[in-house]
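Q: when you get a sec, could you give me coordinates for this:
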Amino acid sequence: MGNRIPDEIVEQVQKSADIVEVIGEYVQLRKQGRNYFGLCPFHGENTPSFSVSGEKQIFHCFGCGAGGNVFSFLRQIEGYSFSEAVTHLADKYHIDMPDHVTAVSSYSSGNSDEQKMAEAHELLKKFYHHLLVNTKEGQKALDYLLERGISMEEIERFEIGCALDSWDFITKFLERRGFEAGLMEKAGLIIRRENGDGYFDRFRNRIMFPIHDHHGTTVAFSGRTFTGEHPKYMNSPETPIFRKSKLLYHFHQARLHIRKEERAVLFEGFADVISAVGSGVKEAIATMGTALTEEHAKVIRRNVGEVILCYDSDQAGYEATLKAADMLQKRGCTVKVAMIPDGLDPDDYIKKFGGEKFKQDVIGSSVTIMTFKMHYFRKGKNLSDEGDRLAYINDVLKEVSQLSGPLEQEIYIKQLANEFSLSLDSLKEQLSVFEKESAGRKRDSGRNELQERRTSVPRPPRKKTGLRPAHENAERLLIAHMIRDRDVIRKVLDRVGFEFNLDQHRAIAAYLYAMYEEGADISIQQLFKRIDDQELGQLLTDILMLQINDELSETELSDYVKKVLNYRNWSMIKEKEAARTEAERQKDFIKAATLAQEIIKLNRSLK
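A: The predicted model follows:
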């Protein structure tokens, strides 16, 4: 990664990069008091325990212990080296880097193959787009898009292009620019011939939709036929830089709109997203030829709390909606459903009725997941028929029994009672039966899960909880004051020195002593710059989150010092008392008397 970045550049980047803004691109943050809180991106949780301090420019998770400064965050979440984290932020905040420092992208963290793959995709995206909008070879594809209602503005926004009707133009194009054919095959751009003699282009005579990762780097393509060939869509295969189960289409552009609107609108395909964005629904995202995965749900939940599902109105779309809703709700999302008339997908609806009607009557009229399920249960049933009607009521009551809030249950029970002229008491009685059955299934499931956990691979030890001993708290508070006031460093160095009881506390103190002796600036960021150990950095952020007084009084300082030094003496007293007891048992009274005198001296030192 080039040569070392000069300290003055690092400091300039550090001062320019606001940690709240940087982390806010990955985690939905809400201000509470002086800090910001959100869901930790490093471990699964439904209750926010991830804190970001704009004042101190640090982050800390009270759940898993992760912490550090803005560089630490990027290193942990992106796998960047320190230099790559600095370069990434320099590019973000338009700070010029020296010529000897290499630029960083999503795929420059030490893997040149992945970097080459990303470069090839970026090059082809621009080339395909040029062919579509500027050449006669792309005119038929351009006419097809315009006829289908995709505007030039949308073509430019989504960087749509087209591939030539050629077997090996792209293969030769890439080879001429120094891209090795075997690597481009792994990137999914070309295919090896069956006889092993050379390669041919994967995409030919198709409209090309580039697919970006969540940082905006092009990592794949989807090619759509415009001449009636099969298959209708041809997509890039999974590659080292393209994982369908992790990426959401348009997320890199939708993220800011998702934060602004405080919701995401999730579609099944990118054609729906393109039409929705053109209708003003800029918070639109989509999975790419796959059902919603746990990884997708994690990304969405970290960024927003409400999700509107807008899937196709056919049977497959209904089932996919139910599965996606269940997964998102388990992640803590509030889920609503935008319902489209039967037989239409979102793209069809927009082309038929217009974008404004879609935005107002479909997205703007989205319903709760329970209302959607009730509509789903009606499909194929004749509610005038007694059997179908009873089946429908039981289906709804089973779902209502899963609702946790009694108020929600009351709303839907009353709907049933009013619609079918039933008594509330009879419905509640049947609801109670379903609730008992559900509780029994949950108990059985819980027992099975517990048994599986007992027989599975042992889990890592839990993080220690509870109150810390007095000497440990004293050491942490001393370090917190040392970081704030260099005069405190001198006092602690004189009175405690390296007599901290915990090795990690002793290590942080050593860094502070060294900075003091060198006359260096004592600051949080300078300290993080010196500490390269992740575990030590996490401990440091834990200490920095402590609430302390602006000034450390002499009385408070003496109390902390006494607790730190006395703990070692207490430990020695316990050891000597055990040794004295053993000496007396062995009838070695001279040794026992000597130990007794030492214990007396140590006890005096505690006063």
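Q: now residue 161: closest residue in space that isn't a chain neighbour?
A: residue 128 (2.7 Å; C-beta to C-beta, 6 or more residues apart in numbering). (C-beta placed from N, C-alpha, C; glycine too.)
Q: quick check: that neighbour touching residue 163?
A: Yes. Here residue 128 reaches residue 163: they are 6.2 Å apart, a contact under C-beta atoms under 8 Å.
Q: give the residues shared as contacts by those two.
A: residue 208 (C-beta atoms under 8 Å, 6 or more residues apart in numbering).
Q: after the helix or strand bottoming out on mean pLDDT in the chain, heading C-terminal, what element do we hit next?
A: When each helix and strand of the chain is scored by mean pLDDT, DSSP states H and E, helix 424-455 comes last, with a mean of 70. Past helix 424-455, heading to the C-terminal end, the next element that is a helix or strand (DSSP states H and E) is helix 470-484.
Q: how far off centre is the first helix or strand past that next one going along the chain?
A: Going down the chain from helix 470-484, the next helix or strand is helix 486-495, by DSSP H and E. Distance of helix 486-495 from its chain centroid, counting by C-alpha atoms, centre = their mean, to the nearest Å, is 41 Å.
Q: helices or strands next to helix 486-495 in the packing?
A: Helix 486-495 sits against helix 470-484, helix 503-518, helix 554-585, with contacts defined as 3 or more C-beta pairs under 8 Å, 6 or more residues apart in numbering; DSSP states H and E.
Q: change it to 6 Å
A: Using 3 or more C-beta pairs under 6 Å, 6 or more residues apart in numbering; DSSP states H and E, the elements in contact with helix 486-495 are helix 470-484, helix 503-518.
Q: can you show me the CA trace of the last one as CSV?
A: The C-alpha coordinates for helix 503-518 follow below in CSV (Å, rounded to 0.1, in the frame of the first residue of the first chain):
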residue,chain,number,x,y,z
ASP,A,503,-1.5,-5.5,32.8
GLN,A,504,-3.7,-3.6,30.3
HIS,A,505,-4.0,-0.6,32.5
ARG,A,506,-0.2,-0.7,33.0
ALA,A,507,0.2,-0.7,29.2
ILE,A,508,-2.0,2.3,28.6
ALA,A,509,-0.3,4.2,31.5
ALA,A,510,3.1,3.4,29.8
TYR,A,511,1.9,5.0,26.6
LEU,A,512,0.8,8.1,28.5
TYR,A,513,4.1,8.3,30.5
ALA,A,514,6.1,8.1,27.2
MET,A,515,4.0,10.8,25.6
TYR,A,516,4.5,13.0,28.7
GLU,A,517,8.3,12.5,28.7
GLU,A,518,8.5,13.2,25.0
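Q: got the buried residues for the next helix or strand after that helix?
A: Toward the C-terminus, helix 503-518 is succeeded by helix 524-530 as the next helix or strand (DSSP H and E). Residues of helix 524-530 classed as buried: 524-529 (neighbour count, 16 or more other C-beta atoms under 10 Å).
Q: ok, for residue 260, nearest residue in space, not its chain neighbours?
A: Nearest to residue 260 is residue 283, by C-beta to C-beta, 6+ apart, at 7.7 Å.
Q: number of nearby residues for that neighbour?
A: 26 (other C-beta atoms under 10 Å).
Q: how about residue 84?
A: Around residue 84 there are 23 residues (other C-beta under 10 Å).
Q: then residue 431?
A: By other C-beta under 10 Å, neighbour count at residue 431 equals 21.
Q: measure the residue nearest to residue 161 to residue 304 for me?
A: Taking C-beta to C-beta, to the nearest Å as the measure, residue 128 falls 32 Å from residue 304.
Q: who's more crowded, the two?
A: Between residue 128 and residue 304, residue 128 has the larger neighbour count (other C-beta under 10 Å), namely 27 against 19.
Q: for the stretch 1-150 of the chain, just list every one of the strands.
A: With DSSP state E, counting those that start in this stretch as the criterion, the stretch 1-150 of the chain has strands at 30-32, 35-38, 50-53, 58-61, 67-68.
Q: list the neighbouring strands of the first one plus their orientation.
A: So the one you mean is strand 30-32. Sheet pairing of strand 30-32 (DSSP bridges) gives strand 35-38 (antiparallel).
Q: could you do the fourth one as well?
A: Looking at strand 58-61 with DSSP bridges, its paired strands and their directions are strand 50-53 (antiparallel), strand 67-68 (antiparallel).
Q: out of those, deepest packed?
A: Among the strands paired with strand 58-61, strand 67-68 has the highest mean neighbour count (mean count of other C-beta atoms under 10 Å), at a mean of 24.
Q: show me what contacts residue 376?
A: By C-beta atoms under 6 Å, 6 or more residues apart in numbering, the contact list for residue 376 reads residue 318.
Q: element containing it, please.
A: Assigned by DSSP H and E, residue 376 falls within helix 369-378.
Q: chain center to that helix, what's the gap?
A: Distance of helix 369-378 from the chain centroid (C-alpha atoms, centre = their mean) equals 31 Å.
Q: after it comes which helix or strand?
A: Taking DSSP H and E, what comes next after helix 369-378 is helix 386-400.
Q: pop the domain breakdown of the chain in here.
A: Using automatic domain parsing, the domain parsing of the chain gives 7-92, 112-235, 251-378, 386-452, 470-604.
Q: quick one: those as a markdown table, columns for distance to residue 245 too.
A: A markdown table is the format used below for these (distance: least, C-beta to C-beta, whole Å):
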| stretch | distance to residue 245 |
| --- | --- |
| domain 7-92 | 16 |
| domain 112-235 | 13 |
| domain 251-378 | 4 |
| domain 386-452 | 24 |
| domain 470-604 | 27 |
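Q: ok, of these, where does mean pLDDT dip lowest?
A: Here the lowest mean pLDDT among the domains of the chain goes to domain 386-452, at a mean of 81.
Q: how far does it sit from its chain's centre?
A: Remark: domain 386-452 is offset 35 Å from the chain centroid, using C-alpha atoms, centre = their mean.
Q: sec struct for residue 224, please.
A: strand (DSSP: H, G, I helix; E, B strand; the rest coil).
Q: could you find the closest non-adjacent residue to it?
A: In space, residue 224 is closest to residue 207, 4.7 Å off (C-beta to C-beta, 6+ apart).
Q: assumed the one you found was part of a strand.
A: Yes. Assessed with three-state DSSP, residue 207 lies in a strand.
Q: what sits closest to residue 34 if chain neighbours are left out?
A: That would be residue 55: by C-beta to C-beta, 6+ apart, it lies 6.4 Å from residue 34.
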